[in-house]
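A.B. asks: how would this look folded up:
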Amino acid sequence: MTILDVKDLSVSFIQYAAGLRQQEVKVITSLNVAISPGEVLAVVGSSGSGKSLLAHAILGILPVNARVTGSMRFDGKELTPARQAKLRGRDIALVPQSVNFLDPLMRVGKQVRTGVRGGDPGLVQREVFSRYHLSEHVDRLFPFQLSGGMARRVLVSTAIVSGARLVIADEPTPGLDEAAVKETLGFFRQMADEGCAVMLITHDIATAVKIADNIAVFYAGTTVEAAPAKDFAGDGAGLRHPYSKALWLALPQNGFISIPGFQPSPAALPPGCLFQPRCSLATASCAAVQPEAREVRHGMVRCIYAS
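C.D. replies: Residues are numbered from 1 along each chain as shown. Have a look, this model is predicted:
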């Protein structure tokens, strides 16, 4: 049973151009993603592909000039703005990209205690700090006194004590050394193993493969493929979409193979398949209409030639 089901999500922003003329810029188009309890779903793609915007749309924290269409359902019920406000920080928790989300004027122990939903806040906070190897004195420190790894563990602790059923971790490992990255990702794998659903947003596909059950690949604001993590292996023959294969083969350990072109900006999206201007397999049919999402070999793909 899925706990979060996003279908045909589109997000656009109303902006002002020259002469106070309004224009609508669509940054997410027909995006699909689903996640179940006990699963780590890695959302991967280059910068600007819509990964963080998806998180903000789920949480209901987009700016006021955003327009959202499509369906987002949590635990089988539509995520209305009122329901998002009720679930945010409780059943749905965010581990943000930046440690700057910690209040710089509040000791970190107190920050974690404010998120405790049941039991004695002090006891719960001490237990979770012990679990993540944070010494007792850490609860009296301010954020600026923490190392990068300690700050990440505090952010994970805030999600743990909330009792959230869905945790969205937005780029939780930038700037960390290899040992700290392994430790941080291990926390999320442990949360999933205990029944939580974890959405890991990252650009590091090689790291995501190590802990994820499934991987969703984003390109120019849409999902081009969703596949089991085990399919990201070898020469990428198990993958379904040309972009997923290109992304995999661009890794240094997989040949460091680049492709021409670049991801289009939201204001200049090509017709049809968004990847077709860069795809070596593209034909005239690819430019006619954006492919529908369909199931191929136990995964989802948007490509008319995938088999």
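A.B. asks: any idea which residue sits dead centre in this protein?
C.D. replies: Ile201 (2.9 Å; Cα atoms, centre = their mean).
A.B. asks: pretty sure it sits against Ile58.
C.D. replies: No. The pair Ile201 / Ile58 is not scored as a contact, 10.9 Å apart, by Cβ atoms under 8 Å. In this view, the C-beta of every residue, glycine as well, is placed from N, C-alpha and C.
A.B. asks: give me the common contacts of these two.
C.D. replies: Ile168 (Cβ atoms under 8 Å, 6 or more residues apart in numbering).
A.B. asks: contacts made by the helix or strand hosting Ala192 with the rest, please.
C.D. replies: Secondary structure from DSSP states H and E places Ala192 in helix 178-193. Contact partners of helix 178-193, identified using Cβ under 8 Å, 6+ apart, comprise 38-40, 132, 148-149, 152-153, 156, 159-160, 167, 169, 172-173, 176, 198, 200, 207, 210-211, 213.
A.B. asks: what of stretch 286-300?
C.D. replies: For stretch 286-300, contacts defined as Cβ under 8 Å, 6+ apart pick out 29-30, 32, 222-223, 225-228, 231, 238, 240, 270-274, 276, 279, 301-304, 306-307.
A.B. asks: just the buried residues from these, in ChimeraX please.
C.D. replies: A single ChimeraX command selects the buried members of those (16 or more other Cβ atoms under 10 Å):
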select :29,30,32,222,223,225,226,227,231,238,240,272,273,274,276,279,301,302,303,304,306
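A.B. asks: which ones among the contacts of stretch 286-300 lie within strands?
C.D. replies: Applying DSSP state E to the contacts of stretch 286-300, the entries found in strands are 29-30, 32, 222-223, 225-228, 301.
A.B. asks: max pairwise distance over the residues you listed: which two?
C.D. replies: Using Cβ to Cβ, the two most remote members of the ones in strands among the contacts of stretch 286-300 are Thr29 and Pro228, lying 24.7 Å apart.
A.B. asks: can you report how many residues neighbour Ile3?
C.D. replies: Using other Cβ atoms under 10 Å, the number of residues around Ile3 comes to 20.
A.B. asks: skipping adjacent residues, who's closest to it in space?
C.D. replies: Spatial nearest neighbour of Ile3, chain neighbours left out: Ala197 (4.9 Å); criterion: Cβ to Cβ, 6 or more residues apart in numbering.
A.B. asks: how close does the one you found get to Cys303?
C.D. replies: 27 Å (Cβ to Cβ, to the nearest Å).
A.B. asks: what do you get for Gln253?
C.D. replies: The gap separating Gln253 from Cys303 is 25 Å, by Cβ to Cβ.
A.B. asks: pull out the CA atoms of stretch 105-120 and give them to me as CSV.
C.D. replies: What follows is stretch 105-120 as a C-alpha-only set of coordinates in CSV (Å, rounded to 0.1, in the frame of the first residue of the first chain):
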residue,chain,number,x,y,z
LEU,A,105,19.4,31.3,18.8
MET,A,106,18.1,28.1,20.4
ARG,A,107,20.1,25.3,21.9
VAL,A,108,19.7,22.2,19.7
GLY,A,109,18.4,19.9,22.5
LYS,A,110,15.5,22.3,23.0
GLN,A,111,14.8,22.4,19.3
VAL,A,112,14.5,18.6,19.1
ARG,A,113,12.3,18.5,22.3
THR,A,114,9.8,20.9,20.7
GLY,A,115,9.1,18.3,18.0
VAL,A,116,8.4,15.4,20.4
ARG,A,117,4.8,14.2,20.0
GLY,A,118,4.5,11.6,22.7
GLY,A,119,6.2,10.7,26.0
ASP,A,120,8.6,12.8,28.1
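A.B. asks: so which bits of it are buried?
C.D. replies: 107-109, 111-113, 115-116.
A.B. asks: for the helix or strand containing Val68, which helices and strands make contact with it?
C.D. replies: Counting by DSSP H and E, the element that carries Val68 is strand 66-74. Counting contacts by 3 or more Cβ pairs under 8 Å, 6 or more residues apart in numbering; DSSP states H and E, strand 66-74 is packed against strand 4-16, strand 22-35, helix 51-59.
A.B. asks: now the element after the longest one, going C-ward?
C.D. replies: What it means is strand 22-35. Proceeding N to C from strand 22-35, the next assigned helix or strand is strand 40-44, under DSSP H and E.
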